[in-house]
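Trainee: Structural data only, the sequence is not supplied:
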Ligand code: SAH
Ligand code: SF4
């Protein structure tokens, strides 16, 4: 058997890529679909149980590929509420994923919508001033297999199917572009996890060139932009990435995306007291939203240990929202319970890191 590091994760392979590898090794191409049916339909994590495949071929699979199963080190939250999973990866790195059940207030009692928020990197290099994920800097990109593995593992642990995916966990998805695209293909394809592209949302801090590149991909995934400031002088105090891609460039890339995909994008806007919550900020946000016909999702800031900011009082949040509503911007404010653990990805990892380090 090859050394562990040399074996490729089976969860990182698209069907076309697997067929290529099979052809190189002299195996018939139709075996590719058979293997992936076991992996994604039957959800097995062992080549030995793939009983319709010849024993010799199973041995070859086992020498060539590996099932990397993510190890949960901590789960926070109850059955019917938001649950946060902290996973340890093969090299000991920690990432988190958050499972959010349908909110009856938003989708009705009968909704079986279950949204999973996944991570794409260990840490984050972008250092936004409100975010726990960037506090310790960036360690590495997740592989496509580790991205797909979060969904598979949570479906197995929770016994529930995930209906919607949001790439809003730790890391900047568009700076792990190559692996993101492979993972998206596997998550979307009928031979893979089979989640509809319109039920998948990629959130970015605003990497303008990659937004354009994503626009040119055939998949109809949704785009959310972490705006958090609609004036450069405000946004760049919150998000250093704004110096590299200022609003003019970012909004032009958003227009490009909307023009090609013919779908609405979302602006995420965390309300932070005395930082970006003035009436003037709301007016600037109206202009930005109108320019690209974006939906606006306001989120009262969640306090992060080690960071100074706090959320505005409700009256101030209401005044901000009133400006958006008056201008007929499609805007909502997220105030659900459970959000205290759901938002601010990266926090569970930070709370847990010292414990896990001490116990391993
Ligand atoms: N890097 C990508 C994906 C991470 S999502 C991006 O920046 O878009 C980051 C999102 O998590 C933010 O847009 C925000 O909606 C949420 N978030 C992070 N820290 C938060 C905090 N302290 N309070 C509320 N929401 C937070
Ligand atoms: Fe990174 Fe996004 Fe957090 Fe900014 S908000 S530090 S880009 S994860």
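Mentor: Now that the structure is in, tell me what you want to look at. Everything numeric in this text was worked out from a predicted model, so none of it was measured. Ligands and ions are numbered 1, 2, ... in the order given.
Trainee: what about the longest strand in the protein?
Mentor: Across the chain, the longest stretch assigned as strand under DSSP state E is strand 94-101.
Trainee: what lines up beside it in the sheet?
Mentor: With DSSP bridges as the test, strand 94-101 is paired with strand 83-88 (antiparallel), strand 114-117 (antiparallel).
Trainee: does ligand 1 sit close to the longest one?
Mentor: Translated: strand 83-88. No: using C-beta under 6 Å from any ligand atom, strand 83-88 stays clear of ligand 1, coming no nearer than 13.1 Å. (Glycine included, C-beta is placed from N, CA and C.)
Trainee: If you tally nearby residues, what's the number for residue 46?
Mentor: 10 (other C-beta atoms under 10 Å).
Trainee: Going forward, count from 14.
Mentor: Sure, I'll start counting at 14 from here, so that last one is residue 59.
Trainee: show me the contacts for the nearest residue to it once chain neighbours are set aside.
Mentor: The shortest distance from residue 59 to any residue other than its chain neighbours is 6.8 Å, reached at residue 80 (C-beta to C-beta, 6 or more residues apart in numbering). Applying C-beta atoms under 8 Å, 6 or more residues apart in numbering, we find residue 80 in contact with 22, 23, 24, 58, 59.
Trainee: Need phi/psi at the residue nearest to residue 256 when sequence neighbours are not counted.
Mentor: Spatial nearest neighbour of residue 256, excluding adjacent residues (C-beta to C-beta, 6+ apart): residue 249 at 5.5 Å. With angles defined as degrees, to the nearest 10, residue 249 sits at phi -80, psi -10.
Trainee: burial measure for the residue in the stretch 214-363 of the chain positioned nearest to ligand 2, as a count.
Mentor: Using C-beta to the nearest ligand atom, the closest approach of the stretch 214-363 of the chain to ligand 2 is made by residue 218 at 3.5 Å. Using other C-beta under 10 Å, residue 218 is surrounded by 25 other residues.
Trainee: In this structure it contacts residue 186, no?
Mentor: No: at 9.5 Å, residue 218 and residue 186 do not qualify as touching, with contact defined as C-beta atoms under 8 Å.
Trainee: out of the contacts of residue 80, who's near ligand 1?
Mentor: Of the contacts of residue 80, not one also sits near ligand 1 (C-beta under 6 Å from any ligand atom).
Trainee: Which one (most neighbours) among these?
Mentor: Within the contacts of residue 80, neighbour counts (other C-beta under 10 Å) peak at residue 24, which reaches 29 neighbours.
Trainee: now the stretch 264-373 of the chain, which segments are flagged as low pLDDT?
Mentor: 349-373 (pLDDT under 70).
Trainee: same question, the stretch 14-163 of the chain
Mentor: Using pLDDT under 70, the stretch 14-163 of the chain drops low at 14-18, 91-92, 116-123.
Trainee: Near ligand 1, which residues of it are found?
Mentor: 143, 144.
Trainee: can you give me the strands for the stretch 14-163 of the chain?
Mentor: Secondary structure of the stretch 14-163 of the chain (DSSP state E, counting those that start in this stretch): strands at 21-22, 78-79, 84-89, 96-101, 107-114, 127-130, 134-136, 151-154.
Trainee: From the contact counts, what lies against the last one?
Mentor: Spelled out, that is strand 151-154. With contacts taken as 3 or more C-beta pairs under 8 Å, 6 or more residues apart in numbering; DSSP states H and E, strand 151-154 sits against strand 134-136.
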